[in-house]
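> structure for the following, please:
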Amino acid sequence: MSGPSLRRADSHGLIHEAALEEAGELAELVERSLRRGERDKALDIAWIAVEHWESRTLQHAQSEEEGLYLEAVELKPQLRDVIIALTRDHNLMRELVAEIKARLERGEMDEQVLQRFQALILIDQIHNRDEEAMVEKELEENRHGSVSGPEVDGPAAG
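As a prediction, the model looks like this:
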């Protein structure tokens, strides 16, 4: 079972916002260091950014997949396609982090690494928007008990 903060759009959004803000700041530091020609500094910051993505965003993603997403599909099987799409986002982020790590392990610190960090941020922004909308629209109503009776009509039905 997922923790209550994952099932509430406001607290879930705060988790996303904090992690994404930190990721953005790290990407800016990498970019600034590259622009200044401080390649070794950029490399060090890039490793910190990788650790951030792994320990914050990807760990959070794992928790969602093991709890929230399973609960969502069990509660509302019609969310299956949404959950597949959200999981795909997680897999894309994992793939980009793996590519960044491979480049850094080879000592590569260039525009390609920075582009991957920027792509991670964009994917995560879109993912967070979609996931928070799903939580708010489809899951919070059950927590609040706003759905009554055996039939659900309108947007909450789908």
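> in the helix or strand encompassing Arg32, what counts as buried?
Assigned by DSSP states H and E, Arg32 belongs to helix 9-35. By 16 or more other CB atoms under 10 Å, the buried positions in helix 9-35 come out as 9, 12-13, 15-16, 19-20, 22-23, 26-27, 29-31, 33-34. C-beta here means a position set from N, CA and C on the backbone, and glycine is covered the same way.
> return the member of those residues nearest to Thr57.
Thr57 lies nearest to Ala19 out of these, by CB to CB, at 5.2 Å.
> can you pull up the most central residue in the chain?
Nearest to the mean C-alpha position of the chain, by CA atoms, centre = their mean, lies Asp124 at 4.6 Å.
> sorry, back to before: and the helix holding Arg32, what's its mean pLDDT?
For helix 9-35, mean pLDDT is 89.
> for the next helix or strand after it, packing partners?
Using DSSP H and E, the helix or strand that follows helix 9-35 in sequence is helix 39-52. Contacts defined by 3 or more CB pairs under 8 Å, 6 or more residues apart in numbering; DSSP states H and E place helix 39-52 against helix 9-35, helix 80-105, helix 111-134.
> now do the buried residues in stretch 131-143.
131-132, 134-135, 138-140.
> gap between it and the chain center?
Distance of stretch 131-143 from the chain centroid (CA atoms, centre = their mean, to the nearest Å) equals 17 Å.
> brilliant, that's me finished.
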